[in-house]
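**Student:** would you be able to build a 3D model of this:
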Amino acid sequence: MTNDANQQQAAAVENEAAGRGGLSQAELDALVASSDTGGRGATGPVGLFITGIALAWSLFQLWIASPIPFIVGWGVFNDTEARSIHLAFAIFLAFAAFPAARTKFQLALGIAVPVVLAFLFMTGAKDDTSIWWIPLIAALLVGAIVLGSPKDKVPLWEWALAVIGALAALYLFVFYRDISGRVGAPITQDFVVAVIGIMLLLEATRRALGPALMIVASVFLVYTVLGPYMPGIIAHKGNSLSEIVNHQWITTEGVFGIALGVSTGFVFLFVLFGSLLDRAGAGNYFIQVAFSLMGHMKGGPAKAAVVSSAMTGLISGSSIANVVTTGTFTIPLMKKVGFSSEKAGAVEVASSVNGQIMPPVMGAAAFLMVEYVGIPYFDVVKHAFLPAVISYIALVYIVHLEALKAGMEGLPRAYTPKPIVQRLIGIAFTIAAICAISFAVYYGMGWIRPAFPETAGYIIFVFLTAVYVGLLYIASKEEPLELDDPNEPVTSLPLPGPTIRSGLHFILPVVVLVWALMVDRLSPGLSAFWATAYMVFILVTQRPLTAIMRGEGRLAAAIKQGGLDLIDGLETGARNMIGIGIATATAGIIVGAVSQTGVGSALADVVEVLSGGNILAILLLTAILSLILGMGLPTTANYIVVSALLAPVIVTLGQQNGLIVPLIAVHLFVFYFGIMADVTPPVGLASFAAAAVSGGDPIKTGVVAFFYSLRTAALPFLFIFNTELLLIDVTYVQGIFVFIVATVAMLLFAAATQGWFIARNRIYETVALLLIAFTLFRPGFWMDMVAPPYAEVEPTEIAAAALATAPGEDLRLRVAGLNDLGDPIEFVAVLTIGPGDTGEARLEDAGLMFRNEGETLVIDDVAFGSAGETAGLDWDQEVLRVLKPVNQPSKYLMFIPALLLLGVVVFLQRGRAARAPKPASA
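**Tutor:** Alright, predicted model coming up:
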């Protein structure tokens, strides 16, 4: 067949599918299943058995998260035991739900890795002659893979792998007391279980997540053993098999580490909550609300796709599932109003991937940040919220610019809009009503708890139930929401009022979750439990109550369907967790290897050599490495890997080069670039999923999505240098000001990168817009050039500098000393000055004593727990430079020239736009 014939056939398929790329809904469901829930479609007793295991996993997670075990005094598990059972479920379901072979490459990889690991572990065992069983284990695993793995049933050898893998994971639970008495001295039994467990875990990773994470983890295991043979800069002494077994499997430093603990304690319940909410109909509700509100605008379906993906991202942990779930509806409608296949897919990709940076779930990374950064969950959400919202606003604006460039129109409305003044009054009244209700609820709840300490929970439940019944009654008066076929002609959009009213009760579980997290400040796990428990109540009761309120009869059928919805939601939640559970365990291998080998400091040396110590080059290299390491990894594993490897690099090198950055900013930086790998070709899994829906070219889709996502790539650099974007050390009023300024700056950045503002940009206008955006984001950059914020004094004048520094302000010291490995190092320490009548007294309050050695100032002593120790200072360090703060004009004065330049650009473009002919409608 000729190329022309191929193109004609492809065009015919695309036209016939009207935007679905020739894939049926069943094929799209299979695409999501193969990535998220398992591609094996076993039916009959086997299918029921797998469903039963998934249900058991969900019920186990609800049990350990609830207060019931502590009330009845039975079924209480410690963290290590719970992690062991959690991983056992994940491994068992990975072998049962995911067939072995995806591609020939992956099959070859599944055969090669056990062979390599067998050789590796034998090398690590050195001269031990009792390890003859390791090649046998590898041979058995290879044989099981070679025998094949059908998609419609589970063969006997797959059951064997599932059971053995689960037993290996349960080993810590069954022998917990015995193991705790011999940590650091594994016995033969420990060796056998750990080797089998690691091999089967990597095979489960290949099945559930593809080759990327399996390869990365295997490389780190190779590095752990073969450290002496590595290049000098990353070489280490190498670790024996005994050390690997102890570190990776027997203790909680590796596989059963913090990441798996977060998956066990927090992530599962949030994923389950999202699954139940979606099963109740919230996903469809979000899409319909977004289209009813925004579908009439220029490029309306694309704007609605952005908003619906943002709302879906609140409850979802998967970029690919977001793409396919909302994309099957939004992508064809985007193409109807003039978007090409690639642009329609790219908008959906950029929207869905951004769902991973949207609190409260953030693709489960938020809970990992709590553990890794060591700050409360509330603070993680507070710091991550502003950049996520700004990023979504900018994406809506990018879609608007695309619509302006192509002269697109929106979809027709089924009603006549009210005058603008009337609409604004309605919006203001709605906001005022919501604020009034919020204050009433907040202070009402605050009164109930102290007034009725024993029965407050029951009173609140009754109140919530009354609200739920009232909202469900309102919804019952509206027509049920049905997701229209996007391939059919669109005659009109749904009415906003009835659409919004038809699902207001879906907001209640989210309110419960946010209230528990933000107001009651419960733990994330307990908060998710109460929200999930309330979601179960809604899922079981909404159909029967709606049937009664509508007078439909068929109450028994409605009750039965509610029960089936609950079972389906519990099963789907567990199946969605297979990949996350496996990913967190396998990422634990990487984290364990990093802590065991010290590769983090070696990587910092590599980045420092390549960057030449330039801080911007350091950040750029770290961003590129985050993109590379994130390729093909799910969000959770992605964050674990990049945070373990690269976050310390930024902290260490930044401090050495005078950039002191809060740890949360560093972790958000690597997280943002890690998830960008879902967009970026050639791997970009979300881009391939969108192309499968749109019928477009996946590489082109990924390229366009990358340009749409440049705003997401720009934000991390900005909040590294301007932590106000993360709402760090700002007041409420300052927070509002920062939000407004940052939003305007991001819109200007989007206009510059898209080449269109009011009219098509000239090159000099693009440069001007980028300059204005940068100035609004970081006005201090220019002000520091005009009036430096610090003045340098001689080290011997440190007492005078301390006296000149107001209590509570920071004195910066550049010091030279030795790092933990005994190597020379220079870094900048930020010393917070305390009270005192003299400079010496203030330094003593900071816990510091100095001695002069000629013209050199040396730290003689640092008090334990003092401000000096917190700054990283230690005895015998030499003070090289002292920088004291000086008065500086307000950095916001730089907004004046920036706004004047913006006025010039607006004047030029308005004149050009007025003279230009109107673009033809697409």
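**Student:** where does pLDDT dip in the stretch 51-200 of the chain?
**Tutor:** Applying pLDDT under 70 to the stretch 51-200 of the chain picks out residues 101-102, 126-130, 148.
**Student:** what are the boundaries of the helices in it?
**Tutor:** 68-72, 79-97, 104-125, 133-146, 156-174, 176-180, 188-209 (DSSP state H, counting those that start in this stretch).
**Student:** contacts for stretch 757-772 next, please.
**Tutor:** Contacts to stretch 757-772, defined as Cβ atoms under 8 Å, 6 or more residues apart in numbering, come from residues 401, 405, 745, 748-749, 751-752, 755, 898-899, 901-902, 904-906, 908-910, 912-913, 916. (C-beta placed from N, C-alpha, C; glycine too.)
**Student:** if you set the cut-off to 7 Å instead, what comes out?
**Tutor:** 748-749, 751-752, 755, 898, 901-902, 905-906, 908-910, 912-913, 916 (Cβ atoms under 7 Å, 6 or more residues apart in numbering).
**Student:** filter those residues down to the buried ones and hand me the PyMOL line.
**Tutor:** In PyMOL syntax, the buried subset of the contacts of stretch 757-772 is picked out as below (16 or more other Cβ atoms under 10 Å):
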select buried, resi 748+749+751+752+898+902+905+908+909
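**Student:** looking at the contacts of stretch 757-772, spot the one nearest residue 643.
**Tutor:** residue 749 (26.3 Å; Cβ to Cβ).
**Student:** you'd agree the closest one is in a helix?
**Tutor:** Yes - assessed by DSSP: H, G, I helix; E, B strand; the rest coil, residue 749 belongs to a helix.
**Student:** what pLDDT, on average, does the helix or strand where residue 514 lies get?
**Tutor:** Secondary structure from DSSP states H and E places residue 514 in helix 507-514. Average pLDDT, helix 507-514: 84.
**Student:** what sits up against that helix?
**Tutor:** By Cβ under 7 Å, 6+ apart, helix 507-514 touches 273, 277, 464, 467, 468, 527, 528, 530, 531, 534, 535, 538.
**Student:** which among those residues count as buried?
**Tutor:** Buried among the contacts of helix 507-514 (16+ other Cβ under 10 Å): 273, 277, 464, 468, 527, 528, 530, 531, 534, 535, 538.
**Student:** strands of the stretch 801-922 of the chain, start to end?
**Tutor:** 810-818, 824-832, 848-853, 856-862, 878-885 (DSSP state E, counting those that start in this stretch).
**Student:** and the shortest one, which strands flank it?
**Tutor:** With DSSP bridges as the criterion, the sheet partners recorded for strand 848-853 are strand 856-862 (antiparallel).
**Student:** wait, residue 196 sits on residue 168?
**Tutor:** Yes - the criterion here is Cβ atoms under 7 Å, and residue 196 meets it with residue 168 at 5.1 Å.
**Student:** looking at these two, which one has more neighbours?
**Tutor:** residue 168 (24 against 21; other Cβ atoms under 10 Å).
**Student:** looks like the more buried one contacts residue 195 (just checking).
**Tutor:** No - contact status for residue 168 versus residue 195: not in contact, 9.1 Å apart, counting by Cβ under 7 Å.
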